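Novice: Take a look and give me a structure for this.
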Amino acid sequence: MRKICVVTGSRAEYGLLSGLMRAIQEDKELQLQVIATNMHLSPEFGLTYREIEKDGFLIDKKVQMLLSSDTPNATAKSVGLATIGFADAYEDLQPDLIVVLGDRFEILAAVSAALFFKIPVAHLHGGEITEGAYDDSIRHAITKMSHLHFTSTEAYRQRVIQLGEQPDRVFYVGAIGVENIKRVSLMPKAELEESIHFVLGEKSLLVTYHPVTLENHTAADQCRNLLEALDAFPDYKVIFTLPNSDTDGRIIIRLINEYVSLRPERCMAVPSLGLRRYLSALRYVSAVVGNSSSGIIEVPSFGIPTLDIGDRQKGRIAAESVWHCGVTRQAIMEGLQKVLSPSWAAVAKNVQNPYDKEDTIASIHKIIRSYPLEGLEKKSFYNICLR
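Specialist: Residues are numbered from 1 along each chain as shown. This next block holds a predicted model:
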């Protein structure tokens with residue numbers, strides 16, 4: 001029986017992976033192993049490992065790593081702690097294949113440890129570009145330490161090959177988050193409002209803003225600009241989902257919580273909505289605002305606009321419904337006026353999502369179930385033909 005170990009570090013990422021985890025769990029030829037780490041284990045971020053257990057998954061190992069600080073020093077030390085923890089976990093679990101998604105620093109630690117154990121790694125969402133975050137470098141580093149690659153677009157598949165990966169190990173399968181939209185039963189509006197203890201009203205925004213980790217000390221000013229711009233649209237209710245544990249994330253959390261506390265009738269903030277509530281909220285809000293990858297990848301499938309602020313997602317392929325703006329108060333206000341206009345709503349309603357592809361989970365499941373693993377850890381560099 002092939003042992004497939006899935007590593008997850010946050011509630012948002014787990015939401016993306018949960019469908020694939022279920023497919024592995026239900027396959028009699030596979031044994032699912034789960035390692036929870038980082039934000040899942042933090043009281044500050046809601047101890048979200050409980051959501052994994054609530055969904056019926058056994059967590060085989062918990063890798064503690066998060067320090068009570070988000071400085072560069074603390075983040076680097078967290079990666080070191082995580083690498084030690086993953087080494088101990090792999091020693092005990094002895095997985096045949098490790099499955100990871102994305103570009104978070106805990107995933108860098110997970111694949112770094114796997115390299116020395118000679119355990120093959122399957123990586124989802126490689127080849128993408130986010131020029132404003134150190135996630136960009138982490139993502140490409142993960143690609144070079146991975147052995148099977150599942151990309152969300154054909155262009156990203158070509159970029160993974162450009163990084164020297166063998167074409168027969170790189171698969172264009174689409175974005176797993178887009179397939180989740182088709183699989184998850186969405187909540188009626190009244191049920192959602194009762195669940196979050198907040199009335200959306202006729203006009204509302206879903207806002208997520210993360211620190212731009214390749215910029216120095218910009219988080220506070222940029223977040224203030226966003227909040228001041230939102231004040232120019234007082235008729236819109238606002239749901240904030242709080243940022244992750246990246247460097248300077250706590251600054252943004254503090255500013256948002258202060259903002260919400262002064263506007264309780266109009267605004268609410270949560271660490272995470274969870275998959276079903278998040279997707280349900282997208283069904284009813286007027287637009288998504290911020291710099292989260294979800295605004296680029298999943299949101300266009302709901303036919304609503306995205307306002308993408310700043311450089312954090314710069315370089316990602318985006319649907320026509322995504323409007324990019326600068327980080328000044330004026331630029332954000334003008335961006336909001338653009339995406340909230342009837343003409344832009346009409347554009348968003350009929351947009352084609354470039355990350356949509358049929359049978360994403362089934363395609364990944366089939367490959368990790370059957371691809372020969374013997375000798376997979378040995379890689380030869382694929383040279384592309386330069387013209």
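
Novice: isn't Leu148 right up against Pro372?
Specialist: No - counting by CB atoms under 8 Å, Leu148 stays clear of Pro372, with 10.7 Å between them. Bear in mind the C-beta positions are built from the backbone N, C-alpha and C, glycine included.

Novice: what residues are up against Glu193?
Specialist: By CB atoms under 8 Å, 6 or more residues apart in numbering, the residues touching Glu193 are Val199, Leu200.

Novice: and it, what element?
Specialist: Assessed by DSSP states H and E, Glu193 sits inside helix 189-196.

Novice: Can you show me the CA trace of that helix as CSV?
Specialist: Provided in CSV are the C-alpha atoms of helix 189-196 (Å, rounded to 0.1, in the frame of the first residue of the first chain):
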residue,chain,number,x,y,z
LYS,A,189,-27.4,33.7,2.4
ALA,A,190,-29.4,33.6,5.6
GLU,A,191,-27.5,30.6,6.9
LEU,A,192,-24.2,32.2,6.1
GLU,A,193,-25.2,35.4,7.9
GLU,A,194,-26.3,33.4,11.0
SER,A,195,-23.1,31.4,10.9
ILE,A,196,-20.8,34.5,10.9
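
Novice: Packing partners of whichever helix or strand comes after that helix?
Specialist: Remark: after helix 189-196, the chain's next helix or strand is strand 204-208, criterion DSSP H and E. Contacts defined by 3 or more CB pairs under 8 Å, 6 or more residues apart in numbering; DSSP states H and E place strand 204-208 against helix 219-230, strand 237-241, helix 275-284, strand 287-290.

Novice: What lies in contact with strand 204-208?
Specialist: Contact partners of strand 204-208, identified using CB under 8 Å, 6+ apart, comprise 226, 230, 233, 236-241, 243, 281-282, 284-292, 294-295.

Novice: for that strand, what is the average pLDDT?
Specialist: On average, the pLDDT along strand 204-208 is 98.

Novice: okay, the angle between it and helix 219-230?
Specialist: When axes from the mean of the first three to the mean of the last three CA atoms, to 10 degrees is applied, the directions of strand 204-208 and helix 219-230 differ by 170 degrees.

Novice: Just checking: what are the partner strands of strand 204-208?
Specialist: Sheet pairing for strand 204-208, assigned by DSSP bridges, gives strand 237-241 (parallel), strand 287-290 (parallel).

Novice: Name the stretch among these that sits most buried.
Specialist: Here the criterion is mean neighbour count by mean count of other CB atoms under 10 Å, and of the strands paired with strand 204-208 the winner is strand 287-290, at a mean of 27.
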